[in-house]
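Chemist: build me a structure from this.
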Amino acid sequence: MTETFFVAGTDTDIGKTLAAKGLLQAFNALGRRTAGYKPVAAGCHATAEGLRNSDALTLQGASSLPLEYPQVNPYALTQPLSPHLAAPMDEVEIDAAVLTQGLAQLQAKADVVVVEGAGGWLVPLSHTEGLNQWVMEHRLPVILVVGIRLGCLNHALLSKRVIEADGLKLAGWIANNVDPNAACQQENLDYLRQHLGAPLLGRIPYLQESGGDIGHYLDLSPLGR
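Modeler: I've put the predicted structure just below:
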């Protein structure tokens, strides 16, 4: 049976892609067949093959299965904006059924699918639907990426509260040191370990370059691995 995890962030540009890459690499090291999935990506660049997103390309490269780009990222949007704003600018209407079909195709091939969200938990896909509603529909366990910086306690605890209010399980969280100059990093980490009520899967240090193996910073044993 395929395991699927949804990677959410406490904010945008918080390290979701880095954490998702690490999860894929950690599962790869266990010999699992993995697939990364970025259902909606905004801020894509034009190539000869079509629009491409750096985050989706990272997931494609970290997957152990050979995947075509559209399998990883069915909705590639030009402008780096919330999907509900970026999609109309490209004359695109995001259909949740397309997201579901793409997920099912990956689940049919992989042992583990790591799904990366867009922005924070309540990012809207349209004026009537949010990405969280799609995650709720599929009952995906959530892994929360917390950027360890000023404000992270409030952002993390608010995200946890809403995720659980949506009826979903917070399977774990990953600390990402996005600001090397942030004060009281260890104290913030300790507070979150006491109050998030979910296992810490790893701490990613501040990295000048995001290439290489991120998986060794993570511990999958709290997920039963």
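
Chemist: pLDDT averaged over the helix or strand that contains Arg203 - what is it?
Modeler: For Arg203, the host element (DSSP states H and E) is strand 200-204. Strand 200-204 shows an average pLDDT of 97 in the prediction.

Chemist: neighbouring contacts of that strand?
Modeler: 15, 18-19, 22, 143, 172-177, 189, 192-193, 214, 217-220, 222-223 (CB atoms under 8 Å, 6 or more residues apart in numbering). Glycine gets a C-beta too; all of them are placed from N, C-alpha and C.

Chemist: among those residues, which are in helices?
Modeler: Mapping the contacts of strand 200-204 onto helices (DSSP state H) picks out Leu18, Ala19, Gly22, Leu189, Leu192, Arg193.

Chemist: now the buried members of the residues you listed.
Modeler: Buried by 16 or more other CB atoms under 10 Å: Leu18, Ala19, Gly22, Leu189, Leu192, out of these.

Chemist: quick one on the thing from earlier: for PyMOL, write the select line for the buried members of the contacts of strand 200-204.
Modeler: PyMOL command restricting these to the buried ones, with burial defined by 16+ other CB under 10 Å:
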select buried, resi 15+18+19+22+143+172+173+174+175+176+177+189+192+214+217+218+220+223
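
Chemist: show me what contacts the nearest residue to Thr17 once chain neighbours are set aside?
Modeler: Closest residue to Thr17 apart from its sequence neighbours, by CB to CB, 6 or more residues apart in numbering: Asp55 at 4.2 Å. Contact analysis of Asp55 by CB under 8 Å, 6+ apart lists Lys16, Thr17, Lys38, Ala41, Glu116.

Chemist: alright, calling it a day.
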